[in-house]
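> Turn this into a structure:
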Amino acid sequence: MDVDETYFEGCQRSFKRGGKELAGKRLGRMKMAMVSSITYKNLRGYLAAVVFMVFSLGGLVHSNAQSDWQKEWDKTLQAAKKEGQVTVYISGYDAVLPHFEKEYPDIELTAVTGRGNQLGQRLLTERRAEKYIADVVSAGANPNYQQFYTAKALDPIKAALILPEITDQTKWYQKKHQYSDPEGQYVFNYVGSATYGAVNYNTKQVDAKAFKSYWDLLHPKWKGKIIARDIRQAGPGSGNTRFFYYHPELGASFIKKLFGEMDLTLFRDFRQGPDWLATGKYSICFFCDVDVLKRQGLPVDTFGPGAFKEGGGLVQQFGTLALVNRAPHPNAAKVFINWLLSRNGQMALQKSMINSESPPDSLRIDIPKDDVPYQSRRLDEIKYLDTGKPEWINMKPIIEVVNEALKSAGKN
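As a prediction, the model looks like this:
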């Protein structure tokens with residue numbers, strides 16, 4: 001034990017001088033020092049033992065947690081292989097599916113593709129006939145939220161998330177999972193692409209640098225020269241219309257003026273609007289997809305980052321995921337869901353869709369964004385309004401404003 005040797009020497013000198021009282025006091029201090037030293041050492045040993053136990057238990061808990069998800073994943077994967085098949089209803093992003101098939105060759109993938117409203121009509125018709133075919137749906141909020149969620153055709157997808165790289169919310173935009181349903185359980189948003197109103201223009205007729213605000217699009221000089229996809233039908237434009245409607249500097253007034261005062265021409269054929277724009281029949285098109293035409297060298301382009309002072313919006317496009325209830329292959333469905341939302345799945349998505357009309361920017365923030373075109377990529381310097389908020393998904397109040405504006409303009 002570490003006791004100062006001077007205590008012993010001092011006591012010896014005191015006895016020789018006959019200073020018994022002084023020696024007694026020094027011996028008392030020596031004993032206290034010895035007891036203090038012993039107590040301190042014991043305390044240090046006790047604390048070290050406690051710390052060791054805490055770290056050991058922490059490691060055990062971590063090990064058990066790791067073991068739990070791994071056991072669940074292994075069990076799910078084996079059951080999925082026995083099922084041998086997964087049926088995915090998918091809109092827009094079907095180019096990613098071969099990557100799943102390559103990674104899981106023991107699970108046969110059957111894909112049903114189409115526009116969101118087509119998939120919605122088909123699945124609900126099948127269920128009314130008591131045909132339960134679909135396992136998973138990857139599409140826009142319509143049909144996943146507006147049709148399947150409201151029809152109670154979904155199981156909570158949250159419970160199907162198994163892999164830690166998915167359940168760890170710090171790996172996602174704003175460090176949380178995003179859902180389209182108010183309960184945050186059923187319709188998982190995995191895409192959040194930047195958009196600036198989905199406003200396109202003919203480069204021979206429009207000088208993009210002359211625009212500073214979205215309101216500049218509604219200048220009288222453009223009256224009769226604007227077309228827009230009819231957003232009263234499900235499809236492109238819904239998210240951007242929500243952006244206009246809920247933006248504090250735009251709102252219902254912007255939509256009323258666009259649809260009611262600009263002598264707007266509506267189209268429903270997805271190819272017609274871009275063709276009209278490219279040929280110069282019209283100058284500006286709301287909710288067109290012109291990326292393919294632009295790559296072909298036609299005089300069309302899209303307003304992008306920094307064009308408008310009001311910022312941009314985030315849209316899910318076809319990037320919401322739902323687990324269908326009464327699925328015939330529930331385990332294979334979980335495998336597909338976890339693969340698609342994994343790092344590998346989301347990187348494959350971005351890469352496979354880079355040249356599409358609607359290139360996605362995954363809401364995962366732990367993967368490279370090199371495959372996301374600049375126009376669609378979220379940028380730190382831009383302020384975005386997320387149009388996928390659950391309380392904003394319902395299009396009914398916006399469509400009422402559109403109908404009122406069209407009626408006032410003598411259009412239907």
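> CA atoms for contacts and neighbours, from now on please.
Fine.
> Could you pull up the contacting residues of Asn144?
When contacts are counted by CA atoms under 8 Å, 6 or more residues apart in numbering, Asn144 is found next to Gly120, Val137, Ser138, Val187, Thr320, Leu321, Ala322.
> Please apply the same query to Leu218.
So Leu218 contacts Lys257, Leu258, Met262 (CA under 8 Å, 6+ apart).
> Got the confidence number for the second one?
It refers to Leu258. At Leu258, the pLDDT value in this model is 98.
> Look up how far Ile231 lies from the nearest residue to it once chain neighbours are set aside.
Spatial nearest neighbour of Leu258, chain neighbours left out: Leu218 (6.6 Å); criterion: CA to CA, 6 or more residues apart in numbering. Separation of Leu218 from Ile231 (CA to CA, to the nearest Å): 18 Å.
> just to revisit the earlier point, distance to Gln375 for the contacts of Leu218 - can I get that in a markdown table?
Converted to a markdown table, the contacts of Leu218 look like this (distance: CA to CA, whole Å):
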| residue | distance to Gln375 |
| --- | --- |
| Lys257 | 26 |
| Leu258 | 24 |
| Met262 | 27 |
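> pLDDT averaged over stretch 389-397, what's the number?
Average pLDDT, stretch 389-397: 91.
> residues in contact with that stretch?
Residues outside stretch 389-397 that contact it (CA under 8 Å, 6+ apart) are Ala141, Gln146, Tyr179, Ser180, Asp181, Pro182, Ser238, Arg242, Thr387.
> can you pull the buried residues of the one helix or strand Asp275 maps to?
Using DSSP states H and E, Asp275 sits in helix 272-279. Under the neighbour-count criterion of 16 or more other CA atoms under 10 Å, helix 272-279 has Gly273, Pro274, Asp275, Trp276, Leu277, Ala278 buried.
> The helix or strand immediately after it in the chain - which strands sit beside it in the sheet, and in what orientation?
Per DSSP H and E, the first helix or strand lying C-terminal to helix 272-279 is strand 284-286. When pairing is defined by DSSP bridges, strand 284-286 lines up against strand 199-202 (antiparallel), strand 226-229 (parallel).
> Need these in a markdown table (columns: mean pLDDT and mean neighbour count).
Supplementary listing: the strands paired with strand 284-286 in a markdown table, determined by pLDDT from 0 to 100; neighbours: other CA atoms under 10 Å:
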| stretch | mean pLDDT | mean neighbour count |
| --- | --- | --- |
| strand 199-202 | 98 | 25 |
| strand 226-229 | 97 | 24 |
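> now those strands in JSON lines, with distance to Ser213?
What follows is these, written out as JSON lines (distance: least, CA to CA, whole Å):
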{"stretch": "strand 199-202", "distance to Ser213": "12"}
{"stretch": "strand 226-229", "distance to Ser213": "16"}
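> quick one, helices of the stretch 51-200 of the chain?
Ranges of helices in the stretch 51-200 of the chain, per DSSP state H, counting those that start in this stretch, are 97-103, 116-128, 141-143, 164-167.
> ok, back up a step: what does the helix holding Asp275 contact?
Contacts of helix 272-279 (CA under 8 Å, 6+ apart): 201-202, 227-229, 267, 282-285, 288-290, 293, 298-300.
> The same query, at a cut-off of 10 Å, please.
200-204, 225-229, 265-267, 280-294, 297-301 (CA atoms under 10 Å, 6 or more residues apart in numbering).
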